[in-house]
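In: Build me a model from this:
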Amino acid sequence: MDKAAETIALDQLDKDQMKTFSDFLMHYNKLSEMCFTDCVRDFTSRDVRDTEEKCSLNCMEKYLKMNQRVAQRFQEFQVIANENALAMAQKTGKL
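Out: Next up, the predicted model:
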């Protein structure tokens, strides 16, 4: 690979990594705000109450499990869609 192509590839990799990190931060901030809003009710003390901490942990765990389940289902549907596209391509003779 020549130097120019290598530079372009590294630039694209950097952009992809920045996009991934940006997406992560967006989801993290959304989760933090959602759980904070749902769980923190008392602002009269600096201490985090046990109920608030439990609620926050449950909120995060539920969100992460749901997110994992959605990703799993998406992968399952992608496999089915790919299999259907392959079958259609074979049927029409395009493969």
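In: Can you give me the buried ones in whatever helix or strand Ala5 lives in?
Out: Here Ala5 sits within helix 3-39, counting by DSSP states H and E. Of the residues in helix 3-39, 35, 39 count as buried by neighbour count, 16 or more other C-beta atoms under 10 Å. (C-beta placed from N, C-alpha, C; glycine too.)
In: swap in stretch 41-58?
Out: 52, 55-56.
In: Counting by contacts, list what the helix ranked longest in the chain packs against.
Out: If you go by DSSP state H, the chain has its longest helix at helix 50-92. In terms of contacts (3 or more C-beta pairs under 8 Å, 6 or more residues apart in numbering; DSSP states H and E), helix 50-92 is packed against helix 3-39.
In: still on that earlier bit, pLDDT averaged over the longest helix of the chain - what is it?
Out: Average pLDDT, helix 50-92: 93.
In: centre of the chain versus that helix, how much separation?
Out: Relative to the centre of its chain, helix 50-92 is centred 10 Å away, using C-alpha atoms, centre = their mean, to the nearest Å.
In: quick check: angle from that helix to helix 3-39?
Out: Relative orientation of helix 50-92 and helix 3-39, computed by axes from the mean of the first three to the mean of the last three C-alpha atoms, to 10 degrees: 130 degrees.
In: so which strand or helix has Val48?
Out: Under the criterion DSSP H and E, no helix or strand holds Val48.
In: how much space is there between it and Asp38?
Out: Distance of Val48 to Asp38, computed by C-beta to C-beta, to the nearest Å: 14 Å.
In: can you give me the offset of the helix holding Ala5 from its chain's centre?
Out: Worked out by C-alpha atoms, centre = their mean, helix 3-39 lies 10 Å from the chain centre.
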